[in-house]
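Enquirer: Need coordinates for the following:
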Amino acid sequence: MYNKSRRGPSAAGRPAQNSRNRSARPAGPRSFSGNSRPKRGGFTGAYIDPKMFINKAVAALPEEPHVVKTLFADLALNDQLKHAIGKRGYLHPTDIQAKTIPHILEGKDVIGLANTGTGKTGAFLLPMINKIMQDPRQKLLVVVPTRELAIQIQDEFFAFTEGLRIQSVVVVGGANIRPQIQRLRSRHNVVIGTPGRLKDVINRKELKLEGFTNIVLDEADRMLDMGFIADVKLLMSLLSSPRQTLLFSATLSKEIEALVQQFLTDPVRVSIKSRETSAQVDQDIVRVGKDEDKVEVLRALLAQTHFKKVLIFARTKRGAEKLADALYKMGFKADSIHGDKSHYQRQRSLQLFKDNRVEILVATDVAARGLDIPDVSHVINFDLPGSYEDYIHRIGRTGRAGKTGTALTFIN
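Expert: Okay, here's the model as predicted:
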């Protein structure tokens with residue numbers, strides 16, 4: 001049962017918005033069960049049977065190291081790189097890392113299929129850093145769908161290359177292009193970017209891909225969903241040949257398969273997809289009656305003490321901002337992240353959430369893919385996802401690193 005206690009004033013300092021606050025009608029406990037079909041309204045997403053949002057979490061199983069016998073020490077990596085890995089406390093590679101790194105070190109093209117949170121970033125960064133250490137003339141292009149993921153990959157890169165004198169540049173939209181161009185003009189081995197901004201700097205003749213002999217396409221299915229597939233094809237056509245191409249994705253659609261056929265050479269395929277949803281995410285639905293205030297139902301849930309670090313998904317940018325504003329005015333430490341915010345604002349909101357200075361982050365699907373946010377206790381689908389695949393990626397933000405999480409989906 002859920003009580004109706006409200007939290008105190010926000011200490012996060014979120015700027016007040018002009019949105020109107022919702023009515024504060026008392027709301028009693030709500031059942032997390034039922035299978036009524038949601039009202040569709042103007043939403044054009046695919047219908048998903050509400051029963052698919054219900055799944056009881058199982059006890060956390062032993063970590064991958066008990067299954068994967070490989071040690072990082074066993075891999076053919078540079079000793080300095082192994083030392084950097086050890087400093088971060090990593091002893092065993094994850095499944096995707098253990099099964100792809102040897103092939104990448106051999107120079108083969110690789111397709112890696114794995115669910116979110118399985119260590120895909122390390123799977124391509126470590127062997128590519130090793131390749132650059134062996135030959136400093138090597139250059140790597142990493143193409144990702146969102147600026148947040150680009151910055152997260154750069155953070156991982158920094159952690160592994162401290163003291164190695166290997167430089168990277170992040171090239172993403174929504175941020176001032178001038179500093180990015182200045183960094184591109186300095187010495188670097190790695191460029192991490194989003195397709196649109198990469199095209200922009202190429203058109204300005206600030207980035208020439210002819211010298212790049214390695215490319216990683218990370219979250220390839222998400223780039224397809226966001227309409228970047230033509231841009232990706234253009235970028236790949238500009239690269240040096242021969243080259244080494246690595247493609248990582250959660251799914252492999254026919255469009256991505258066509259991309260593979262066109263640009264990859266005899267790729268090794270590795271699949272670590274063990275099940276559709278995380279076994280460690282307790283999934284259920286929240287029924288909202290036609291006469292109930294949906295925001296009030298949400299407020300009653302969030303007032304419970306075990307809702308500690310909550311990621312809420314809204315369908316639109318305006319809806320995310322409006323909901324975050326309403327929650328903030330109710331006294332919650334809430335913020336938002338969506339495409340209408342500037343690069344700086346998005347990074348600030350994300351960092352506040354990661355640092356636990358904000359306890360609730362309302363997001364559009366920009367936060368559903370690839371981002372590693374520690375210790376998210378709950379994912380709430382305030383608005384229904386556009387597809388079941390989107391749902392899987394949303395709830396993948398919780399129940400990570402062997403911990404159990406909770407995912408709740410609002411059904412009208």
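
Enquirer: okay, stretch 324-338 in PDB with CA atoms only?
Expert: In PDB, the C-alpha atoms belonging to stretch 324-338 read as follows (Å, rounded to 0.1, in the frame of the first residue of the first chain):
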ATOM      1  CA  ALA A 324       9.000  17.900 -14.400                       C
ATOM      2  CA  ASP A 325       7.700  21.400 -13.600                       C
ATOM      3  CA  ALA A 326       4.600  20.000 -11.900                       C
ATOM      4  CA  LEU A 327       6.600  17.600  -9.800                       C
ATOM      5  CA  TYR A 328       9.000  20.300  -8.800                       C
ATOM      6  CA  LYS A 329       6.200  22.600  -7.700                       C
ATOM      7  CA  MET A 330       4.900  19.700  -5.600                       C
ATOM      8  CA  GLY A 331       8.100  19.600  -3.700                       C
ATOM      9  CA  PHE A 332      10.100  16.900  -5.400                       C
ATOM     10  CA  LYS A 333      13.700  17.300  -6.600                       C
ATOM     11  CA  ALA A 334      12.800  16.900 -10.300                       C
ATOM     12  CA  ASP A 335      14.400  17.900 -13.500                       C
ATOM     13  CA  SER A 336      14.000  17.100 -17.200                       C
ATOM     14  CA  ILE A 337      16.000  16.000 -20.200                       C
ATOM     15  CA  HIS A 338      14.800  16.300 -23.800                       C
END
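
Enquirer: how about it: buried residues?
Expert: Residues of stretch 324-338 classed as buried by neighbour count (16 or more other C-beta atoms under 10 Å): 324-330, 332-338. For the C-beta atoms, the positions are set from N, CA and C on the backbone; glycine is no exception.

Enquirer: what does stretch 393-411 give?
Expert: Going by neighbour count (16+ other C-beta under 10 Å), the buried part of stretch 393-411 is 393-400, 404-411.

Enquirer: circling back to that earlier point, among the buried residues of stretch 324-338, which ones are in helices?
Expert: Mapping the buried residues of stretch 324-338 onto helices (DSSP state H) picks out 324-329.

Enquirer: ok, which pair from these is furthest apart?
Expert: Taking C-beta to C-beta, the two most distant members of those are 324 and 329; they sit 9.8 Å apart.

Enquirer: Could you pull up the contacting residues of residue 338?
Expert: Residue 338 makes contact with 314, 317, 320-321, 346, 363-364, 366, according to C-beta atoms under 8 Å, 6 or more residues apart in numbering.

Enquirer: Apply 7 Å and report the result again.
Expert: Contact analysis of residue 338 by C-beta atoms under 7 Å, 6 or more residues apart in numbering lists 317, 320-321, 363-364, 366.

Enquirer: cool, and residue 106?
Expert: Counting by C-beta under 7 Å, 6+ apart, there are no residues that residue 106 touches.

Enquirer: Would you mind measuring from it to residue 309?
Expert: Going from residue 106 to residue 309 by C-beta to C-beta, to the nearest Å gives 41 Å.

Enquirer: circling back: in helices only, show me the buried residues of stretch 393-411.
Expert: Within the buried residues of stretch 393-411, residues falling in helices by DSSP H are 393-395.

Enquirer: Distance to residue 196 and pLDDT added to those residues, as JSON lines?
Expert: Below are these laid out as JSON lines (distance: C-beta to C-beta, whole Å; pLDDT from 0 to 100):
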{"residue": "393", "distance to residue 196": "21", "pLDDT": "79"}
{"residue": "394", "distance to residue 196": "24", "pLDDT": "87"}
{"residue": "395", "distance to residue 196": "28", "pLDDT": "87"}
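
Enquirer: which stretches of the stretch 1-150 of the chain form helices?
Expert: 79-87, 95-105, 120-134, 147-161 (DSSP state H, counting those that start in this stretch).

Enquirer: Am I right that residue 222 is in contact with residue 143?
Expert: No: applying C-beta atoms under 7 Å, one finds residue 222 not in contact with residue 143, separated by 11.2 Å.

Enquirer: any low-confidence regions in the stretch 1-150 of the chain?
Expert: For the stretch 1-150 of the chain, applying pLDDT under 70 flags the ranges 1-46, 57-68, 116.

Enquirer: all strands of it, in order?
Expert: Along the stretch 1-150 of the chain, the stretches classed as strands by DSSP state E, counting those that start in this stretch are 110-113, 140-143.

Enquirer: Quick one: list the elements packing against the last one.
Expert: Going back to what we said before, that points to strand 140-143. On a contact count with 3 or more C-beta pairs under 7 Å, 6 or more residues apart in numbering; DSSP states H and E, strand 140-143 meets strand 190-193, strand 214-217.

Enquirer: which helices and strands sit right next to the first one?
Expert: Yep, that's strand 190-193 we're talking about. strand 140-143, helix 147-161, strand 168-171.

Enquirer: so how far is residue 341 from residue 353?
Expert: Distance of residue 353 to residue 341, computed by C-beta to C-beta: 13 Å.

Enquirer: out of these two, which sits in the busier spot?
Expert: Shown here are residue 353 and residue 341; by other C-beta atoms under 10 Å, residue 353 has more neighbours (26 against 19).

Enquirer: The residue nearest to residue 143 when sequence neighbours are not counted: neighbour count?
Expert: The spatial neighbour of residue 143 that comes closest, neighbours along the chain excluded (C-beta to C-beta, 6 or more residues apart in numbering), is residue 217 at 5.3 Å. Neighbourhood size, residue 217 [other C-beta under 10 Å]: 29.

Enquirer: distance of residue 217 from residue 161?
Expert: Using C-beta to C-beta, we find residue 217 at a distance of 21 Å from residue 161.

Enquirer: returning to what we had before: would you mind finding the most buried of the helices and strands packed on strand 190-193?
Expert: strand 140-143 (a mean of 24; mean count of other C-beta atoms under 10 Å).

Enquirer: between the helix or strand residue 353 falls within and helix 147-161, what angle do the directions make?
Expert: In this assignment (DSSP states H and E), residue 353 forms part of helix 343-354. Going by axes from the mean of the first three to the mean of the last three C-alpha atoms, to 10 degrees, helix 343-354 is angled at 70 degrees with respect to helix 147-161.
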